[in-house]
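**Student:** Whatever this is, show me its structure:
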Amino acid sequence: MLEAIVFDFDGTILDTETPDFQTWQEVYRSHGAELPLDVWLQCVGGGTGEFRPDSYLEGLLGREIDRKRVRTERRKRFLDLIHVMPIMPGVLELIDAAERRSLRLAVASSSDRKWVESHLQRLGLLERFAAIVTADDVERVKPDPALYRLAAQKLEVKPERAIAIEDSYNGMLGAKRAGLRCVSVPNCITRDSDFSGADLRLDSIASMAPDDLIASFDQPDSERQAP
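**Tutor:** Okay, here's the model as predicted:
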């Protein structure tokens, strides 16, 4: 039986992924260069690489840039865009449906706690999650399973009785490696990633009625099959 839902944060609850990529694209183009999406995807959802956009730009240009100025200006532009972003479609409805069924809710994010909790507070969602686990709580972030294992532990549920809601390939891997089933909901940045390992893929959380989504996973263990 389904007992819990664990949400990713960036790109799943709040679309931070699009403005993050957009603002780095603007930096690159102001220097006469392009930031390929396939290169950027190395760091989406956590990632294991050490991709640094400013270092990559310097490699393309063959010269150093004023990293401090670039990062400061880019960060301001990014935050300006983030603070007008609404909650992603379908998230509130799924939370409401989960609470009606007494499912436990958590957030598992590769970002730091201050970032996640400040935005959840601003969006009026902070108190709706029984557990919030972030990069501050583990040694390795997604695709390592540590975040999802810890979320299940804090919710006091077996991983196989929880589902993850994820927008990235790295996040999907982390959830599956931890033993959770995964609903992949890619955004415009991650939509071309390989989500063949997901138990369900949706174009938007809002594209499926929340009660139907929950019911598709809420089956006795002896009868359960991938939806």
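**Student:** Does Arg101 touch Ile214 like I think?
**Tutor:** Yes - with contact defined as Cβ atoms under 8 Å, Arg101 reaches Ile214; the gap is 6.3 Å. Glycine gets a C-beta too; all of them are placed from N, C-alpha and C.
**Student:** out of the two, which sits in the busier spot?
**Tutor:** Ile214 (19 against 15; other Cβ atoms under 10 Å).
**Student:** quick one: contacts for the more buried one?
**Tutor:** Leu2, Ile5, Leu94, Ala97, Ala98, Arg101, Leu103 (Cβ atoms under 8 Å, 6 or more residues apart in numbering).
**Student:** Which ones among those residues lie within strands?
**Tutor:** The members of those that map onto strands under DSSP state E are Ile5.
**Student:** Separate out the buried members of the contacts of Ile214.
**Tutor:** Neighbour counting over the contacts of Ile214 (16 or more other Cβ atoms under 10 Å) leaves Leu2, Ile5, Leu94, Ala97, Ala98, Leu103 as the buried ones.
**Student:** Okay, the third one and Met208: tell me how far apart.
**Tutor:** By that I understand Leu94. Distance, Leu94 to Met208, by Cβ to Cβ, to the nearest Å: 9 Å.
**Student:** is it fair to say Gln219 lies in a helix?
**Tutor:** No - assessed with DSSP: H, G, I helix; E, B strand; the rest coil, Gln219 is coil; it does not lie in a helix.
**Student:** Residues touching the helix ranked longest in the chain, excluding its own?
**Tutor:** Longest helix of the chain, by residue count under DSSP state H: helix 67-82. With Cβ under 8 Å, 6+ apart as the test, helix 67-82 has contacts from Leu14, Thr16, Pro19, Asp20, Gln22, Thr23, Trp24, Glu26, Val27, Asp54, His119.
**Student:** In CSV, list the C-alpha atoms belonging to that helix.
**Tutor:** Provided in CSV are the C-alpha atoms of helix 67-82 (Å, rounded to 0.1, in the frame of the first residue of the first chain):
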residue,chain,number,x,y,z
ARG,A,67,33.9,35.6,-12.3
LYS,A,68,32.8,37.6,-9.2
ARG,A,69,31.0,40.2,-11.2
VAL,A,70,29.4,37.6,-13.6
ARG,A,71,28.2,35.5,-10.7
THR,A,72,26.8,38.4,-8.7
GLU,A,73,24.9,39.9,-11.7
ARG,A,74,23.7,36.5,-12.8
ARG,A,75,22.5,35.6,-9.3
LYS,A,76,20.5,38.8,-9.0
ARG,A,77,18.8,38.3,-12.3
PHE,A,78,18.1,34.6,-11.4
LEU,A,79,16.5,35.6,-8.0
ASP,A,80,14.4,38.3,-9.6
LEU,A,81,12.9,35.7,-11.9
ILE,A,82,12.5,33.0,-9.2
